[in-house]
Every structure is written in C-alpha cells, then in structure tokens.
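**Q** need coordinates for the following:
(one chain, ligands or ions: 1)
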Amino acid sequence: MSQPNSTDLPTIQKVKLDRRGFLRKAGVVGAALPVAGGMIAAACYEDPSGARLEPSGVPASNVKPNPNPATQPGPVEAVSEEWKKIDAEHQAGVVNFLKNQKEALTEGRGNVPLEPRIEDGVKVWDLTVDEVDWEVAPGQVVKARGYNNMVPGPILRGTVGDRVRINVKNNLEHSTSVHWHGIYVPNNMDGVPFLTQEPIQPGGSFTYEFTLRNSGSHMYHSHHDSADQVNRGLLGAFIVEPQDKAAYPPYDREVILIMNDSLLGFTLNGKGFPATDAIVARKGERVLIRWMNEGMMYHPMHLHGLTMEVFQRDGYPVVPPYVCDTIDVPPGNRFDCIIDCAEAGLWAFHCHVLSHAENSSGFFGLVTVMAVEDETFKVADLLNRVEALDIPDPRLRVGAAGANAGQDIKASAKSKGAFAVWCDTQA
Ligand SMILES: [Cu+2]
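**A** Residues are numbered from 1 along each chain as shown. Sure, this is the predicted structure:
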C-alpha cells in the first residue's frame, strides 16, 4: 500500500463547478433529482438478498428521458455531458462528507451516551418513545420514531451485576413495547406484547427492571409492529461490560455502529452518507467497533486498507478470532471487532451490497471513512482544507424553481463533526 500524503486531496479543490453550466444542463441533471428522495423509495423495494426488484430496479438517476431525435444532442455530446454530471455529483458527495466532519450538515444526533441516575443502588434510565422528524441526510427529513427524540436512542451502559431500571413512557399514538435484545432478563421483562406483557398503550408507561447477567454489545428495540417501529428508529445500544475487563482485548477507542435500512433509507447511527460520522484514529491504535444490525437486510461492511479482527458475536467469544476486511452483519446480530490502524490515510468503509452505498449520483447510505493520522497525514490539516471546499451539491441546485434554489448546504445549530472533535481533543 502506498503511503498517503497531504497532496492527495487538492484534486477536490482544483475542480470548481460552474454554476451556470449546471443550470444550462438542468434538463439532464433534472433526471437525477428524484435520487435523494429515491433512496428511501428504492429501499422499499429491496429484498433481503440486496437484489433490486423491477420496476424500481433501475435507480432513478439511471432512467434516461425518452430520446427524441429531433431535440436531443448528438451521441458524442450527450455522453460527454453524462460523465461530467456523474463526476460532479460524486465529488460533491465527498466534499459534503468532509464538511460534515467539521460541523454536522444535518440536525439531530442519536446514539449518544445517557448516564443513569442511581436510586437505592439501582441504575435508572428514563426513556420516552416519540414521533420525531429526523434529518437522515442533508435536507432529507423523514417521519421517524425515536427514544428520547433521537435515532438511534441513547446508549445505555452497565456492568454485569448491576441492577437496572428503565422507565418507558409512550408518547406515540400507537402502542409499543421494549425488548432487551441479547440481554438475559426474567421472562416478564422480555417486552413481547400479549406474550409477556400488555402493550404500552398511547400515553402509558411501563417499568422494566432486571439484573445484568451477561456482558456484550446488546441492543434494545420496539417489539410491537416492529417492522415499522424498529425500522423507523425505535432502537438503541445497550452495552454490558464484563466485571473482569481483562477478559476483553485492549483497545484505544470505541465506536458503536448501528445499521438500519428500509423506512429511513440505509443508515449508520441514524444518518446516511454524507451525514455519517468519520471514524478517526492515530496510526498504531486499536479501534473497537461494536457492529449492530437493526435492519432487515444483510450488510457486508468492507473496510479498505485495514483489517478487522472479529472476537465476539452477540456477546459470545468467537474462538479463535478471525481477521477479515469485509464483515457480514446479519439482521439482529452484533459483532465486536478490533481494527488495527496500520496505515495512515482516508480509508473508505462501506456496505458491499453496492446498491446500499452508491449510485450514479455518488455515495449514499451505508458509507463512512476511517481517517488514520500519522506524522505526515494530519486530521487538523484536513480540517483546515475543508474550509476552502466550497463546491456546492448540484443535487440541491437542481431545484431551480424551489425556495432553496442555488443554496449550498449549510450547518445550522448542529453539532461538531468527527474531525473537529478530534482536533479539540488533540489540542
Ligand atoms: Cu448493505
């Protein structure tokens, strides 16, 4: 592998898009307009194998207008326009992703830690179940459902032996319940309506209480109308640490990555590319990834340039651990693995069911990047250069008649991105 260096990126800066050029091409670009919204629509027609079904099997961006020989340009010129459009849209996606690592391009952040309060030695969390407008990708706001108004819900964390209590208040107009996926619980705490409890009706509450007995990367999610409720965001991570930490491999950083698909599109921690968070580390570090698949499809996540050592599945040891660069995470499964950050650079990390990650408008959905820094490749330099990346997203400019015509994506009251957070902690 060649050593990446800081001169790799300027190609992004050199190529500036001519806005008027884009508007002239409105007819061509307009064919791609449905793509951003089409991610969700297309996802609805996925089958579990990842194969697309007809007639939606053709991405909207690939649908060509019915050719009219009287008005269409000649074939050579048409081909030329097509590749420029495709390249420009791919480039804009990457630029937006880098911008998102400075300041989030979307409102809302899920999968954040929620500290418990202690009542008589019991760790207590309060969860609300809410309808929420969730911005999955820039400008793409969907009707979601979330715990504590976020997707995924907050991270709950305890240690084997902890007594825990979770008070759940249902603010939906539908019933719900919470299942503690992978966690040993008494049967009446298992969260399955009409099997182990009555549903938590609209406006109602239910208190779950149990003692943590098995460690692992576990989850919690709705177990009522779950193909809708879980896919719409009622899910979260519940990490149970072992009492003997030495039983766990050493690591420098921890990242929880929860995948979902279908109703909110393809998401990592509730966001689709370019709104996904990069993973940042220093060369030589070991990064623990806790993979969780809350979706309904298989997602073989492929990491460029580096490897993953998989040592736990569903909280149980994988013996012996195995090394891979593509980890297939089936629905409901959790895998713990260590990434050995042996090479610096920006390493793509994406689902290899390619229709979950890329189309002719560029990356979307299940895509992120591992940024590994060393003495020659600094995230701080990258962050500085992001300031100068002013390439707009042509997919937004396409809406020339709309209220947002010509506006670039801008952050508004949003959180710091992964590169900015990294630089803060290095200062
Ligand atoms: Cu996938």
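**Q** so where's the longest helix in the protein?
**A** When the chain is parsed with DSSP state H, its longest helix is helix 75-100.
**Q** quick one: contacts of the following helix or strand past that helix?
**A** Following helix 75-100 in sequence order, the next helix or strand is strand 117-119 (DSSP states H and E). Under the criterion Cβ atoms under 8 Å, 6 or more residues apart in numbering, residues 123-124, 165 lie in contact with strand 117-119. In short, each C-beta sits where N, CA and C put it, glycine included.
**Q** which ones among those residues are found in strands?
**A** 123-124, 165 (DSSP state E).
**Q** list just the nearest of these to N111.
**A** Distance to N111 across the ones in strands among the contacts of strand 117-119 (Cβ to Cβ) is lowest for K123, with 19.0 Å.
**Q** who touches the residue in the stretch 101-250 of the chain that the ion sits nearest to in this structure?
**A** Relative to the ion, the nearest point of the stretch 101-250 of the chain is N231 (14.1 Å; Cβ to the ion). N231 is in contact with 260-264, 295-296, counting by Cβ under 8 Å, 6+ apart.
**Q** that one - that's part of a strand, no?
**A** No. Judged by DSSP: H, G, I helix; E, B strand; the rest coil, N231 forms no part of a strand; its state is coil.
**Q** how near is it to P331?
**A** 11 Å (Cβ to Cβ, to the nearest Å).
**Q** common neighbours of those two, please.
**A** In contact with both N231 and P331: 295-296, using Cβ under 8 Å, 6+ apart.
**Q** for the closest residue in space to L172 that isn't next to it in sequence, give me the pLDDT.
**A** Nearest residue to L172, sequence neighbours excluded (Cβ to Cβ, 6 or more residues apart in numbering): V129, at 5.5 Å. Among the per-residue scores, V129 shows a pLDDT of 98.
**Q** hmm, Y147 and V129 touching each other?
**A** Yes. Between V129 and Y147 there is a contact at 6.3 Å, judged by Cβ atoms under 8 Å.
**Q** what do these two both touch?
**A** With Cβ under 8 Å, 6+ apart as the test, V129 and Y147 both reach L234.
**Q** coming back round to it: so what's the residue nearest to L172 bridging to?
**A** Beta bridges link V129 to Y147, N170 when assigned by DSSP bridges.
**Q** contacts only, for it.
**A** 145, 147, 168-172, 176, 200, 222, 234.
**Q** which residue does the stretch 201-350 of the chain bring closest to the ion?
**A** Residue nearest to the ion within the stretch 201-350 of the chain (Cβ to the ion): H299, separated by 3.4 Å.
**Q** what about the spatially closest residue to that residue that is not a sequence neighbour, how many neighbours?
**A** Spatial nearest neighbour of H299, chain neighbours left out: C351 (4.7 Å); criterion: Cβ to Cβ, 6+ apart. Neighbourhood size, C351 [other Cβ atoms under 10 Å]: 25.
**Q** hmm, L264 and W134 touching each other?
**A** Yes. Using Cβ under 8 Å, W134 is in contact with L264, at 6.9 Å.
**Q** hey, what's in contact with both of these two?
**A** Joint contacts of W134 and L264 (Cβ under 8 Å, 6+ apart) are 142, 144, 151, 233, 270.
**Q** sorry, back to before: other SSEs contacting the longest helix of the chain?
**A** Judged by 3 or more Cβ pairs under 8 Å, 6 or more residues apart in numbering; DSSP states H and E, the packing partners of helix 75-100 are helix 10-14, helix 26-30, strand 362-363, helix 379-386, helix 394-397.
**Q** which positions in this protein make contact with the ion?
**A** Residues of the chain found near the ion (Cβ under 5 Å from the ion) are 299, 351, 353, 356.
**Q** let's see 6 Å
**A** 297, 299, 351, 353, 356, 366 (Cβ under 6 Å from the ion).
**Q** strands - which of the residues you listed land there?
**A** Short answer: the residues of the chain next to the ion in strands (DSSP E) are 299, 351.
**Q** how about the residues of the chain next to the ion in a markdown table, adding pLDDT?
**A** Formatted as a markdown table, those follow (pLDDT from 0 to 100):
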| residue | pLDDT |
| --- | --- |
| M297 | 96 |
| H299 | 96 |
| C351 | 97 |
| V353 | 95 |
| H356 | 96 |
| L366 | 97 |
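**Q** could the residues of the chain next to the ion be laid out in JSON lines, adding distance to A88?
**A** Shown next, in JSON lines, are the residues of the chain next to the ion (distance: Cβ to Cβ, whole Å):
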{"residue": "M297", "distance to A88": "30"}
{"residue": "H299", "distance to A88": "28"}
{"residue": "C351", "distance to A88": "24"}
{"residue": "V353", "distance to A88": "25"}
{"residue": "H356", "distance to A88": "23"}
{"residue": "L366", "distance to A88": "23"}
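**Q** next one: V142 from L263, what distance?
**A** 8 Å.
**Q** ok, those two, which is more surrounded?
**A** Counted by other Cβ under 10 Å, V142 and L263 do not tie: L263 has more neighbours, with 22 against 19.
**Q** I'd say that one and R232 touch.
**A** Yes. If you go by Cβ under 8 Å, L263 and R232 touch, sitting 5.1 Å apart.
**Q** which of the contacts of N231 scores worst on pLDDT?
**A** Ranking the contacts of N231 by pLDDT, S262 lands last with 85.
**Q** gap between the residue nearest to it when sequence neighbours are not counted and G153?
**A** Nearest residue to S262, sequence neighbours excluded (Cβ to Cβ, 6+ apart): N231, at 4.6 Å. Distance from N231 to G153, counting by Cβ to Cβ: 14 Å.
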